[in-house]
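1. My questions are about this predicted structure, shown below with the sequence.
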Amino acid sequence: MSQSTTLLFGLPGVRVQRVQVGEFGARIVHVITAAEVLPGCPECGVVSTSVKGHASITPRDIPYGEREIAVIWHKRRWRCRESACERATFTESIPEVPPRQRTTGRLRRGIAAAVADSARSVSEVASAFGVTWPTANTAVTEAGNVELGEPEPTAVLGIDETRRGRPRWTQDPVSTRWVRTDAWDTGFVDLAGEQGLLGQIEGRTSACVVEWLNERTPAFRAAIAFVAIDPAAVYAKAITTPGLLPNAVLVVDHFHIVAPANAAVTKVRRRVIWEQHGRRGRKLDPAWANRRRLLTARERLSEKAFAAMWNSVIDSEPSGQVISAWIAKEQLRGVLALARTGADRSQIYAKLYGFYRWCARAEIEELATLATTIETWCPAIAEFIDTGITNARTEGINRLIKQVKRSACGFRNVENSHRRIRLHATRKHRAATAASRALPAQL
Ligand SMILES: [Zn+2]
């Protein structure tokens, strides 16, 4: 057979001997070990020249062309003649098909790429490549073991929760009551470097965050200067565990402060309509009709839209509670607008004081609650204003996580789920950072 066929087949370490057409037109490629692969004993490394016999294996390979392709590798069995070696015989092996492996390396890489890059499900990829689910899953696991090492230290760590699957209802055998259980994962993201998703752990408690961090190296924990979280007491408790993260400072970002302020506006609006009409809001209620404008940032409303919103809410609601809540939200946004302006603490606190005073004078329960929340998280908010660190990157990663979950139609095995998600997120992240680096500097 010509050298060209071997080149075309392209599996390193073997030479194509002949190609035969089998049943139903399937091509059968007979290969032998390439001459440059010396028959060295895997035990002692001594090259043997004594052939003991032959053995052939049929490793699964990547699809090539429209019809099936089968590979038969005719190997030789060698005697180890090294007197000090305990191994009597060995067969030839090549890096692409190590001993006891039933698939070629390029097939396993192809499967892992299909699953990890495109977020396709393991079962779909398995059938596309003509292998069983366990074979495909093993290929993905191997890629994970190679590519997903221990996270490198990062200065900024983001922590966020994601729901895993749908809520489940289980019946308590004693009380016979049905209880809802939500499966949650906590994700850890590199917000300073280019590692993307660093890992996930089952659950969203303080204990599981501590557990994940304790599994990292002391150098990893010591390197963390900032931890960005949403204002969740359990995460804050974990981060401030004495001695766990000696150099870390908590940061709560813009998005996670505006969210409770918007929620307070909505709660006041709903309550006021109930008090006025004894029912839920309708189109004819100005506060309901303006519900989206009430949540839009002031500077993003046109003068006309702002005036329409303001006037109709004021006219329809004489107690002024809805507009008071809106003003509180905008005051808080004013505090956050100081981010990365170099504002010092006295400027931050002066603006915050205006917000607190407004909430106190309004005598609205929802605003009192909001002010208490902001007060609790005040140091972490001030850190955000100083550093501008945000957890926004975790939002992008949560989108990738959803892609994987959607394709998998639910995971039964948490470890498989975490590996696939991290592989997908890491590969996407690397592709994105490589693409942005490739852009010309002037862009
Ligand atoms: Zn040997």
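-> The structure has been received and is ready for your questions.
2. which element is the residue of the stretch 251-400 of the chain found nearest the ion on?
-> With C-beta to the ion, the shortest gap between the stretch 251-400 of the chain and the ion falls at L400, namely 47.7 Å. Where C-beta positions appear, they are placed from N, C-alpha and C, glycine not excepted. Element membership for L400 (DSSP states H and E) is helix 392-408.
3. C-terminal to that helix, what's the next element?
-> Next helix or strand after helix 392-408 toward the C-terminus (DSSP H and E): helix 414-438.
4. Against which helices or strands is that following helix packed?
-> helix 105-118, helix 133-147, strand 197-202, helix 392-408 (3 or more C-beta pairs under 8 Å, 6 or more residues apart in numbering; DSSP states H and E).
5. Which secondary structure state does the residue sitting furthest away from the middle of the chain sit in?
-> Taking C-alpha atoms, centre = their mean, the residue of the chain most remote from its mean C-alpha position is S83, at 53.7 Å. Following DSSP: H, G, I helix; E, B strand; the rest coil, S83 is assigned to coil.
6. Report pLDDT for it.
-> pLDDT, S83: 85.
7. same deal with the one 10 residues further on?
-> At S93, the pLDDT value in this model is 87.
8. The closest residue to it other than its chain neighbours: what's it in contact with?
-> Distances taken as C-beta to C-beta, 6 or more residues apart in numbering place P99 nearest to S93, at 5.1 Å, with adjacent residues excluded. P99 makes contact with 42, 91, 93, according to C-beta atoms under 8 Å, 6 or more residues apart in numbering.
9. Hmm, P39 and the last one touching each other?
-> No. In this structure S93 lies outside contact range of P39 using C-beta atoms under 8 Å: 9.6 Å.
10. Taking the stretch 151-300 of the chain, what residue is nearest to the ion?
-> T217 (38.5 Å).
11. What about that residue, how many residues nearby?
-> As a burial measure, T217 scores 12 neighbours (other C-beta atoms under 10 Å).
12. Excluding chain neighbours, what is closest to it?
-> Spatial nearest neighbour of T217, excluding adjacent residues (C-beta to C-beta, 6+ apart): E150 at 6.9 Å.
13. quick one on the thing from earlier: who touches the residue of the stretch 251-400 of the chain closest to the ion in this structure?
-> 119, 197, 421, 424-425, 428.
14. Can you give me the distance of it to E202?
-> 19 Å (C-beta to C-beta, to the nearest Å).
15. repeat for D230
-> Distance from D230 to E202, by C-beta to C-beta: 19 Å.
16. which bits of this structure sit near the ion?
-> Residues of the chain lying close to the ion by C-beta under 5 Å from the ion are 41, 43-44, 80, 82, 85, 87.
17. that older thread, tell me which two in the contacts of L400 are the farthest apart.
-> For those, the farthest-apart pair by C-beta to C-beta is A119 and L197; their separation is 13.3 Å.
18. neighbour-wise, which of these two wins?
-> L197 (27 against 23).
19. you'd agree the more buried one is up against R399?
-> No. Checked against C-beta under 8 Å, the pair L197 and R399 is beyond contact range at 11.6 Å.
20. so after the longest strand that the chain contains, what's the next helix or strand?
-> For the chain, the strand with the greatest residue count under DSSP state E is strand 69-79. As assigned by DSSP H and E, the chain's next helix or strand after strand 69-79 is strand 89-91.
21. Each with direction, which strands does that next one pair with?
-> Using DSSP bridges, the strands paired with strand 89-91 are strand 69-79 (antiparallel).
22. Now tell me what touches the partner strand from outside.
-> 11, 14, 17, 22, 26-33, 39, 41, 48, 50-61, 63, 88-92, 97, 104.
23. now, which of those lie within strands?
-> Using DSSP E, the contacts of strand 69-79 in strands are 14, 17, 27-33, 51-57, 89-91.
24. So what's the gap between the strand or helix carrying L294 and the chain middle?
-> L294 belongs to helix 291-295 when assigned by DSSP H and E. In this view, helix 291-295 has its centroid 32 Å away from the chain centroid, taken as C-alpha atoms, centre = their mean, to the nearest Å.
25. ditto for stretch 165-176
-> Centre to centre, stretch against its chain (C-alpha atoms, centre = their mean), the figure for stretch 165-176 is 28 Å.
26. T394 versus the residue of the stretch 251-400 of the chain closest to the ion, what's the distance?
-> 11 Å.
27. now W377
-> Distance from W377 to T394, by C-beta to C-beta: 18 Å.
28. Sketch out the low-pLDDT regions of the chain for me.
-> 1, 408-412, 437-443 (pLDDT under 70).
29. if I look at whichever residue of the stretch 101-250 of the chain sits closest to the ion, how far off is H424?
-> The ion sits closest to Q101 of the stretch 101-250 of the chain, with a gap of 20.7 Å, by C-beta to the ion. Distance, Q101 to H424, by C-beta to C-beta: 25 Å.
30. more crowded one of those two?
-> H424 (24 against 16).
31. The more buried one contacts K402, correct?
-> No. Judged on C-beta under 8 Å, H424 makes no contact with K402 at a distance of 10.7 Å.
32. returning to what we had before: starting at the chain centroid, how far to the longest strand of the chain?
-> The answer for strand 69-79 is 42 Å, by C-alpha atoms, centre = their mean.
33. picking that back up, secondary structure class for the residue of the stretch 101-250 of the chain closest to the ion?
-> Assignment for Q101 (three-state DSSP): coil.
34. Burial check on the nearest residue in space to it that is not next to it in sequence, number of neighbours?
-> For Q101, ignoring the flanking residues on the chain, the nearest one in space by C-beta to C-beta, 6+ apart is P59 at 7.0 Å. Neighbour count of P59, defined by other C-beta under 10 Å: 19.
35. from what I can see P59 touches R106, true?
-> No. Using C-beta under 8 Å, P59 is not in contact with R106; the gap is 10.4 Å.
36. shared neighbours of those two, anything?
-> Contacts common to P59 and R106, judged by C-beta under 8 Å, 6+ apart, are absent.
37. So N137 versus V115, what's the distance?
-> Taking C-beta to C-beta, one finds N137 at 9 Å from V115.
38. ok, those two, which is more surrounded?
-> Taking other C-beta under 10 Å, N137 and V115 do not tie; V115 has more neighbours (26 against 21).
39. wouldn't D285 be in contact with W274 here?
-> No. Under the criterion of C-beta under 8 Å, D285 is not in contact with W274, lying 10.8 Å apart.
40. between those two, what contacts are shared?
-> When contacts are counted by C-beta under 8 Å, 6+ apart, the set common to D285 and W274 is empty.
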